[in-house]
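**Student:** predicted model and sequence follow; I will ask about them next.
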Amino acid sequence: MTVLEEFSKGLADEVLAEAADSFFSARVRIDREEELLRERAAALNRKVEHVLDAVALLHAMLLDKSTVLSFYKAVGLDPYAGEELCNHACGRTPVLSLGRPFGLTAASRFSRLMKLAYERAQRELNAYINGSYAKDQEGRQRLSVNYVSVMNQCEELNEAIRKVNKNHAPSCVMNFCKCLDPDTMQKERVTGAVEGGSLCDLDHDLMMLPVDCSTLHLTPLPELPPLAAVADAVTRFAKELYAKRGEEISRALESLPHPS
C-alpha cells in the first residue's frame, strides 16, 4: 500500500467514524430529550391534584353544579371552559381550608371568602398552565414546569425526530459510506447490485417514532380571569347567592376543613 493509499484509507476511516458518531449521537440526544420530557410531565401531573383541590374549594362554596356554571358565566368564562372545570372538580371533596375574613354581615364575610377562594383557584390554575417564577438556589428566577411549556416541548421533540429521520436516515449514511469505498461501488456497478428495496426497509425499521403527546396524560385546564378584573362580579354574585341561599351556604361553610 502506497503512502497515498494509506493516507486515503486513514482519512476514510476517520470520516466513517465521524459519520457513525453523528448518526448514533443524534438518536441518543432524542432519547435523552424524551426522557426529560416525560420527567417534566410526571412532575406536572403531581401538581394537578393540588390545583383541582383549590378549584374544588371554590365549587363547594357555590353549593351545586348549576350555581358553579352560573358563577363562571358571571365572571365571563366561556361556557365550555366552565363545563371543563366542573367535570374535573365538581363533586370533588374539599381538602383545603381558608381563614375566615372579617365582615360586618354574614353576606359580606361570604363575599370576601369567595374572593379569597377564587383568587386561590385562579392563581393555582395560572401556575399550572403558564408557570410561575421563583428563585433557585443561586438566586436566579426560574419558571416552573407548566402545561404550555411541556406541550411545546413535545411538539419541538417531534419536529427534531422528523429532522433526524430525514437527515440521518440509515440509507443516507450507508450510501455516504459507500462513496468512501470506491472498490465496493465499482463491484456494484459491474454486478448491477441494487439495494434500494433493502435500504428502504432499513429506513423503516430504524425510523424514530414521534411521541404521542397524549401518552403524557396531562390534564388540559382552562384559565380564570385575574381577580382584579372580576372582583366586582364575584362580590355581586356572592351577595346575591347568600341572599337567596344563606342557610345552605352556612352549612356548607361549616362542613369545609377549618384552618389548623
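**Tutor:** On my side now, so go ahead. Numbers count the residues shown, from 1 in each chain.
**Student:** give me the buried positions along stretch 123-134.
**Tutor:** Neighbour-count burial for stretch 123-134, counted by 16 or more other C-beta atoms under 10 Å, picks out 123-129, 131. For every residue, glycine as well, the C-beta is placed using N, CA and C.
**Student:** ah, wrong one, I meant stretch 237-244
**Tutor:** For stretch 237-244, a neighbour-count test (16+ other C-beta under 10 Å) marks 237-239, 241-242 as buried.
**Student:** these: which two are farthest apart?
**Tutor:** Using C-beta to C-beta, the two most remote members of the buried residues of stretch 237-244 are 237 and 242, lying 9.7 Å apart.
**Student:** and for residue 158, the neighbour number?
**Tutor:** Neighbour count of residue 158, defined by other C-beta atoms under 10 Å: 18.
**Student:** quick one: residues contacting it.
**Tutor:** By C-beta atoms under 8 Å, 6 or more residues apart in numbering, residue 158 lies in contact with 210-211, 213.
**Student:** I'd like the residues you listed as TSV, with pLDDT and distance to residue 60 appended.
**Tutor:** Listed next are those as TSV, based on pLDDT from 0 to 100; distance: C-beta to C-beta, whole Å:
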residue	pLDDT	distance to residue 60
210	89	41
211	91	37
213	94	33
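**Student:** out of those, which one sits closest to residue 48?
**Tutor:** Lowest distance from residue 48 to the contacts of residue 158 (C-beta to C-beta) belongs to residue 213, with 15.9 Å.
**Student:** what about the contacts of residue 158, which are in helices?
**Tutor:** Residues of the contacts of residue 158 located in helices (DSSP state H): none.
**Student:** among those residues, the buried ones, what's the PyMOL command?
**Tutor:** Listed next is the PyMOL selection for buried residues among the contacts of residue 158, using 16+ other C-beta under 10 Å:
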select buried, resi 211+213
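**Student:** can I get the contacts of residue 158 in CSV including distance to residue 105?
**Tutor:** Shown next, in CSV, are these (distance: C-beta to C-beta, whole Å):
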residue, distance to residue 105
210, 59
211, 55
213, 50
